[in-house]
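A.B. asks: My questions concern the predicted model and sequence given below.
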Amino acid sequence: MGYEWDFGIVLRNADLLLLGLANTLKVTGLALAFGLPLGLALALGRLSPRRWLRAPVGLVVEFFRSTPPIVQLFWFFFALPLLTGIEIDPFRASVLTFSIQSSAFFAEVFRGGIVSIERGQWEAAKAIGMARGQALRRVVLPQAVKRMIPAFLERVIELMKTTTLVATVSYADLLYQANNIAQRTYRPLEVFTVAAVLYFVVLFPLSLSVRGLERRLARSGETTAH
Amino acid sequence: MSEQGGEVLRIEGLRKAFGATEVLKGIDLSVAKGEAVVLLGASGSGKSTLLRCVNFLEIPSAGRVVIDGTAVGRERDGAVLYREAELIPIRAHVGMVFQHFNLFPHMTARENVMEGPRTVLRLPRAECRERAGRYLAKVGLADKMDAYPSHLSGGQQQRVAIARALAMEPRLMLFDEATSALDPELVGEVLQTMKDLSDEGMTMLIVTHELGFAYAVADKVLFLHDGRIHEEGPPDELLVRPREARTREFLRGHASFRLPEAEF
């Protein structure tokens, strides 16, 4: 069976696809910008010596790790407005969902990195008179973050792929645009091939840099926190 | 031996339990200014725990720690309560050297030594640099300032760790088996550094297995057994004519210790 490939259709709609890619990157970037600090806060909460803080934070993290992101997205988009009476547009619902969702995963990356630092480092910091916060900032986190970078990049790749779910609430990301074009032109083969290639072009270099970093860290005799 | 002054450290009835296991069962001891006191004892006798109770890396279960005449903690209903905010300035004035050095691997030797003065004492950067240089020179590492710990030998790392503690200009230095993790050929340089410190009048509480060092440097030797001070005395008595059978047995276990050939 001979299929006549026609990428001209894709080229004619290139502006829509690139707009979609830009929107995908926008949601991913904002989710990262909010998710990383929130993730660090959650990790510190989970590592807190205070039980009243540790237990609820742990529950929140586990909840967002153990529920499908699409359910979370639908909840923020359809259910939250019913509860609060505040209308939320697809863009905001998407950023909100993926900031919180990714923060739960980043929290575990941060926590893994922090607990991978030997107790002796905390003790040495304490022994020269540092408070817990100073020890964390000056001694533990700088070492932990280095070990966490590969796991972080891994999560960023996951995050960008998961954001394709925003198409289901009609946010015009790359997948949503591709789907629209495909339906309009009856050319799903070309359109989705190009969409896949666009995701690949962004994520493959990230994936390569993860492996490069892991090799470099392994050479310098350090472990990575996964 | 060093000149003696007032009392820097006094420990009264100190107890420490981990769960149901009581590691320290009532310790009393006193260290005068300029004194070097050596704690001996088999592993598990509680000597490291005792040291760690002095700078509150471990919180004592009972008893008092008195530093420079001030009892640490607040007594209420027979128990002693400790607040972290109160312990921080105490740790800043009591230096500790660990068995495994615990240098900060992401900082150079100089940065390791600067860290306390900079972050804890909040001294100006230039002063911290100057201080770091001075103390690194003092431990014989003026030429290794910009080296990272991973590029230093064990003995050099431990000397950086000593400089890091000294840079806080502590009233008291604690040494927790500072040479136990070192290759035999590197032990001497660290012991020499410690001896120099003692000769200059630093007040020191030292856990060690180096009996030759104890003999040469200590003003007082304590033998810990089963969470109590089993015997104490000046080194030329306790190490030479121990009164207690347990002490004799412990000393016999260190066959390499021969008094006349002691290195110091």
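C.D. replies: Received the coordinates, thanks. Keep in mind that this is a model prediction, so the values were computed, not measured. Numbers count the residues shown, from 1 in each chain, chains lettered A, B, ... in the order given.
A.B. asks: Low-confidence bits of chain A, can you list those?
C.D. replies: Where chain A drops to pLDDT under 70, the residues are A:1, A:220-226.
A.B. asks: Residue B:66: what secondary structure?
C.D. replies: strand (DSSP: H, G, I helix; E, B strand; the rest coil).
A.B. asks: Longest helix in chain A, please.
C.D. replies: Counting residues, the longest helix found in chain A (DSSP state H) is helix A:14-47.
A.B. asks: helices or strands up against it?
C.D. replies: Using 3 or more CB pairs under 8 Å, 6 or more residues apart in numbering or on different chains; DSSP states H and E as the contact test, the elements touching helix A:14-47 are helix A:51-65, helix A:90-115, helix A:141-162, helix A:174-185, helix A:188-219. C-beta coordinates here come from the backbone N, C-alpha and C atoms, glycine included.
A.B. asks: is it true that residue A:109 touches residue A:155?
C.D. replies: Yes: Residue A:109 is within contact range of residue A:155, at 6.2 Å (criterion: CB atoms under 8 Å).
A.B. asks: between the two, which one's more packed in?
C.D. replies: Neighbour tally, residue A:109 and residue A:155, criterion other CB atoms under 10 Å in any protein chain shown: the higher count belongs to residue A:109, 25 against 21.
A.B. asks: and the more buried one, what does it touch?
C.D. replies: A:39, A:148, A:151-152, A:155, A:225 (CB atoms under 8 Å, 6 or more residues apart in numbering or on different chains).
A.B. asks: Would you mind listing which of the residues you listed are buried?
C.D. replies: Among those, those buried by neighbour count (16 or more other CB atoms under 10 Å in any protein chain shown) are A:39, A:148, A:151-152, A:155, A:225.
A.B. asks: What is the nearest of the residues you listed to chain B?
C.D. replies: residue A:148 (13.7 Å; CB to the nearest CB).
A.B. asks: The closest one and residue B:136: what is the separation?
C.D. replies: Distance of residue A:148 to residue B:136, given as CB to CB, to the nearest Å: 31 Å.
A.B. asks: now swap in residue A:116 and tell me
C.D. replies: When distance is defined by CB to CB, residue A:116 is 29 Å away from residue B:136.
A.B. asks: what about these two, which has more around it?
C.D. replies: Neighbour totals were compared for residue A:116 and residue B:136, and residue B:136 leads with 26 against 17 (other CB under 10 Å).
A.B. asks: confidence score at the more buried one?
C.D. replies: pLDDT, residue B:136: 97.
A.B. asks: What about the spatially closest residue to it that is not a sequence neighbour, how many residues nearby?
C.D. replies: Sequence neighbours aside, residue B:163 is the residue nearest to residue B:136 in space, at 5.0 Å (criterion: CB to CB, 6 or more residues apart in numbering or on different chains). Neighbour count for residue B:163, taken as other CB under 10 Å: 25.
A.B. asks: I figured residue B:163 hits residue B:144, correct?
C.D. replies: No: using CB under 8 Å, residue B:163 is not in contact with residue B:144, being 10.2 Å away.
A.B. asks: overlap in contacts of these two?
C.D. replies: Counting by CB under 8 Å, 6+ apart, the common neighbours of residue B:163 and residue B:144 are B:109, B:136.
A.B. asks: Let me see the contact set for whichever residue of chain A sits closest to chain B.
C.D. replies: For chain A and chain B, the shortest gap (CB to the nearest CB) falls at residue A:129, measuring 2.8 Å. Each residue near residue A:129 by CB under 8 Å, 6+ apart is listed here: B:88-89, B:91-93, B:116, B:120-121, B:168.
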